[in-house]
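Enquirer: okay, sequence plus prediction incoming.
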Amino acid sequence: MTKAKIKFDPKTKVFYLANDSISYIFSVEEGNLLCHLYFGDKIRDYHNELRYPRLDRAFSPNLPGEPHKTHRDFSKDVLPQEYSGNQTGDFRTPAIVIEAPNGALATDFRYVTYRIIDGKPDLEHLPHSYVKKSDEAKTLIVTLSDEVLHADLELTYTIYADRPVITRNVKIINHGNDTLSIKKIASMQMDIPLENIQAISLPGAHMRERQIQRQTLPQGVTEFNGRRGTSSHHMNPFIALVRPETTENTGAAVGFQLVYSGNHQFTLDKDFVGQTRILAGINENNFEWQLKPNRSFQTPEVIMVYSSHGLNGMSQAYHSLLRERVARGKFQYAPRPIVLNNWEATYFNFDAHKIQQILDAAQPLGIEMFVLDDGWFGKRDSDDRSLGDWHEYDQKFKDSHGLKGLAEQVHQMGLKFGLWFEPEMISTDSDLYRQHPEYVLHIPGRQMSPSRDQYVLDFSCPEVVDNIFTQMCAVLDQVPIDYIKWDMNRNLTEVYSTVLGPKQQGEVGHRYVLGVYDLADRLTKRYPNILFEGCSGGGGRFDAGILYYFPQSWTSDNTDPVERIGIQYGTTLAYPPSSITAHVSASPNHQNHRLTSLQMRGAVAMSGVLGYELNVNDLSPKEKAIIKQQIQFYKAHRQLLQYGTFYRLASPFKHNESAWEFVSPDKSEFILFVFRILASAQPMISITKAAGLQADANYQEADTGQIFGGDELMHVGLYNLPDQLGDFRAHVKYFKRV
Ligand code: GLA
């Protein structure tokens, strides 16, 4: 293992963090302000060259309290800072805003001291990346203080030894006698002096998650945010900054990923001298935190990655970190089972008999786990009832001697058994609501906004979380369950808690997220043998915070393979294939009615954690045979497909043809996927070039026996899909080093 290095030079007052691939450098400037200097490729040492240029700039104020005419060349307004304040000379977007007891909104935190420790401390009550041994990382904690507010900030920087990764978070401690009202507190700031930056974000919608958007930054503020209570389908808590020339495999890319599942805010503020400020953290909108004396507030973590090998280099660093040092538990690296889920097969309309028929047809095909989706509890015949009543719907399980009987039958067939829950929700038509109407998020005196005819439980209230925990344990202690799909099918409105005082209502959004993490933590600890899958109407809460508890998530309610290619391609920008679950569903597709080949549906779904979601009894013998083959192929190459090194090769957002590839860590084998959406009678020529292979090795393609050089595959390439007939085609080619 290489070493992570952190040092402080007391003469130049420069902090230098480095490992074998990256360096991060900042200094303490006049007035004890922290000044950002560099983040990028490793430099061996820093010789004080790039110091903030002193220049008298009109309309940019000098430091508060500076005597007349001195230091007119020094202003916070253009200083590239590490963590900026408000209303004290910097007009750009601030990192922190606090209301003092007198109503003032100014913040001005100055450097006081630092400490360096081995390893990486845990974040209390929040998900985070971790180390297993203290020599895997080094951590720098820099303390700043605002003397007027009597508050300290701790800026924490961790650099991993063997990864191009720096994580950051901030903690504020109130040392005064008054309560401070925090209006905004970013998890990180970085001001970079580069012109010509492009931002990549992952916007979307329900059934169109994580589309790749790339744009050049204008002067002024560009913001990517989520304010729906969860990380959301609409904007993922991740951005990357790149140069115009950056491609998938070349050029610089810097990623910023928030380990958080609630409202988020990524602000890019390009100033009047061409520098860009990057801020990431909890969304300030609807946020306010009452920080009592002697109390602290901890922000979520941001994981920053630097890559000089393009976007694939950045994504691969995220993939391995999220797999190895964010995900936890027994299933972190375990082969993930091939699921059959009954949702698109039956929706609410099932009973044990019908399920048994589906299972009888599916089991011989090689599936490994059956997941009983929505509809097994309360009186759940449709989506407007019973959420909150987590006990089995007796009538549906008459033929199996209850839910437990069904689970046991599934086990007897040699399959595992999974169950769907939506723990955070409540229907007004439920026993829970009739007993505890106060458990729902609502504002007294106002009507509640329904969404899918359901409402959100007040998870900021520990009693509510306890109630759901107890109900879920009662099921899990009685029924042998191997997997839970944890769903969340609406966003938060009327975000108000009747158990908190009027001044604390700005805390509810964040406390809600902490309540979700608390329940996830308790359940995953109590049931370490259960594999949890996250879900929120598909991919509405696909983030690193959830991944800390649940190693995989349902990627999208859209199971059409054509649209899925884009959704999965975008998702891999920040998240590993082992976290991306994907199912083969019926054709015509239930979401967009497109007809596609079973072969293409299989190829897209096996590019993540493969599953099936259709009624196997509706399939022809030929289709069943194809599924059997798909499952055999997947089982043979599961390790490579779930944990191999993933390369995006051709973007579906640009072309009719797209491609990606999985390479084993030792480069001895790889699988290439090429997809074509529409056929053409007069097709244009297109070529796919592989990446990440051993240039001087030869590889043999399994189906044809043909042999190619690694260099040949990477530089000459292969023609796409030589048989040009028909829409919606996929080629899956397995190669082995010979
Ligand atoms: C959400 C999920 C689906 C399914 C339904 C059940 O939409 O994403 O997979 O579980 O809920 O209501």
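Expert: Great, that's in hand.
Enquirer: for residue 349, see how far away residue 592 is.
Expert: According to C-beta to C-beta, to the nearest Å, residue 592 and residue 349 sit 22 Å apart. C-beta: built from backbone N, CA, C; applies to glycine.
Enquirer: cool, residue 582 as well?
Expert: Distance from residue 582 to residue 349, by C-beta to C-beta: 24 Å.
Enquirer: tell me how far the residue of the stretch 551-700 of the chain found nearest the ligand lies from residue 156.
Expert: Residue nearest to the ligand within the stretch 551-700 of the chain: residue 557 (4.6 Å; C-beta to the nearest ligand atom). Applying C-beta to C-beta, the value for residue 557 to residue 156 is 37 Å.
Enquirer: with residue 36 instead?
Expert: Taking C-beta to C-beta, one finds residue 36 at 16 Å from residue 156.
Enquirer: go on, residue 470?
Expert: Relative to residue 156, and taking C-beta to C-beta, residue 470 is found at 36 Å.
Enquirer: those two: which is more packed in?
Expert: Neighbour count, other C-beta atoms under 10 Å: between residue 470 and residue 156, residue 156 has more, with 22 against 10.
Enquirer: what about that one, which SS state?
Expert: When classified by DSSP: H, G, I helix; E, B strand; the rest coil, residue 156 comes out as strand.
Enquirer: residue 580 pairs with what?
Expert: Residue 580 has these beta-bridge partners by DSSP bridges: residue 553.
Enquirer: if you could redo that for residue 483, that was the one I meant.
Expert: Counting by DSSP bridges, residue 483 forms beta bridges with residue 418, residue 531.
Enquirer: in contact with the residue in the stretch 351-500 of the chain positioned nearest to the ligand, which residues?
Expert: Nearest to the ligand, among the residues of the stretch 351-500 of the chain, is residue 374, at 3.4 Å (C-beta to the nearest ligand atom). The contact partners of residue 374, by C-beta atoms under 8 Å, 6 or more residues apart in numbering, come to 343, 347, 348, 380, 383, 420, 422, 487.
Enquirer: number of nearby residues for residue 633?
Expert: By other C-beta under 10 Å, the burial measure for residue 633, its neighbour count, is 19.
Enquirer: the one 4 residues further on too?
Expert: When neighbours are defined as other C-beta under 10 Å, residue 637 has 19 of them.
Enquirer: got it, and residue 727?
Expert: By other C-beta under 10 Å, the residues close to residue 727 number 15.
Enquirer: same question for residue 626.
Expert: Using other C-beta under 10 Å: residue 626 sits among 19 other residues.
Enquirer: also the one 5 residues further on?
Expert: Taking other C-beta under 10 Å as the criterion, the count of residues near residue 631 is 20.
Enquirer: which residues does the nearest residue to it once chain neighbours are set aside contact?
Expert: Using C-beta to C-beta, 6 or more residues apart in numbering and skipping residues adjacent in sequence, the residue nearest residue 631 is residue 366, 3.9 Å away. With contact set as C-beta under 8 Å, 6+ apart, residue 366 has these partners: 338, 628, 631, 632, 635.
Enquirer: rerun at 10 Å
Expert: By C-beta atoms under 10 Å, 6 or more residues apart in numbering, the residues touching residue 366 are 338, 627, 628, 629, 630, 631, 632, 634, 635.
Enquirer: now it: how far from residue 596?
Expert: For residue 366, the distance to residue 596 - C-beta to C-beta - is 22 Å.
Enquirer: same check on residue 57?
Expert: 59 Å.
Enquirer: which one's more surrounded, the two?
Expert: Remark: of residue 57 and residue 596, residue 596 carries more neighbours, 20 against 16, as counted by other C-beta under 10 Å.
Enquirer: surely the more buried one meets residue 730?
Expert: Yes. Residue 596 is in contact with residue 730 according to C-beta atoms under 10 Å; the separation is 9.4 Å.
Enquirer: need the residues touching each of these two.
Expert: 561, 604.
Enquirer: what helix or strand is the residue of the stretch 51-200 of the chain found nearest the ligand on?
Expert: Closest contact between the stretch 51-200 of the chain and the ligand, by C-beta to the nearest ligand atom, is at residue 127 (21.6 Å). Using DSSP states H and E, residue 127 sits within no helix or strand.
Enquirer: how about the secondary structure of the closest residue to it other than its chain neighbours?
Expert: Nearest residue to residue 127, sequence neighbours excluded (C-beta to C-beta, 6+ apart): residue 548, at 3.3 Å. With three-state DSSP as the basis, residue 548 sits in helix.
Enquirer: the bottom helix or strand of this structure by mean pLDDT?
Expert: When the helices and strands of the chain are scored by mean pLDDT, DSSP states H and E, strand 718-719 comes last with a mean of 89.
Enquirer: now for that strand, which elements pack on it?
Expert: strand 669-676, strand 687-688 (3 or more C-beta pairs under 10 Å, 6 or more residues apart in numbering; DSSP states H and E).
Enquirer: I'd like the next helix or strand past that strand.
Expert: strand 729-737.
Enquirer: so how far is the ligand from residue 17?
Expert: Going from residue 17 to the ligand by C-beta to the nearest ligand atom, to the nearest Å gives 41 Å.
Enquirer: now residue 293
Expert: 44 Å.
Enquirer: look up phi and psi at that residue.
Expert: Dihedral pair for residue 293: phi -50, psi 140, per degrees, to the nearest 10.
Enquirer: what's near enough to touch the residue nearest the centre of the chain?
Expert: Of all residues in the chain, the one closest to the mean position by C-alpha atoms, centre = their mean is residue 543, 2.1 Å from it. Listed by C-beta under 10 Å, 6+ apart, the contact partners of residue 543 are 127, 226, 230-232, 236-238, 257-262, 264, 534, 536, 553, 574-575.
Enquirer: one more time with 8 Å
Expert: Applying C-beta under 8 Å, 6+ apart, the residues contacting residue 543 are 231, 236, 237, 238, 258, 259, 260, 261.
Enquirer: surely residue 497 touches residue 510?
Expert: No. Taking contacts as C-beta atoms under 8 Å, residue 497 lies outside contact range of residue 510: 11.5 Å.
Enquirer: identify the residues contacting residue 260.
Expert: 126, 127, 231, 237, 282, 300, 301, 513, 543, 544, 545.
Enquirer: most neighbours, which of these?
Expert: Most crowded among the contacts of residue 260, counting by other C-beta under 10 Å, is residue 237 at 32 neighbours.
Enquirer: can you tell me how far it is from residue 107?
Expert: 24 Å.
Enquirer: got it, and residue 397?
Expert: On the measure of C-beta to C-beta, residue 397 and residue 107 end up 58 Å apart.
Enquirer: more neighbours, these two?
Expert: residue 107 (29 against 21).
Enquirer: I figured the more buried one hits residue 98, correct?
Expert: Yes. With contact defined as C-beta under 8 Å, residue 107 counts as touching residue 98 (5.3 Å).
Enquirer: still on that earlier bit, quick one, which of residue 582 and residue 349 is more surrounded?
Expert: residue 582 (26 against 11).
Enquirer: how about the strands of the stretch 601-738 of the chain, start to end?
Expert: 609-613, 645-650, 657-663, 669-676, 687-688, 698-701, 707-709, 718-719, 729-737 (DSSP state E, counting those that start in this stretch).
Enquirer: give the rounded mean pLDDT of the third one.
Expert: Mean pLDDT, taken over the full extent of strand 657-663, equals 97.
Enquirer: what is the orientation angle of it with strand 645-650?
Expert: Relative orientation of strand 657-663 versus strand 645-650 (axes from the mean of the first three to the mean of the last three C-alpha atoms, to 10 degrees): 160 degrees.
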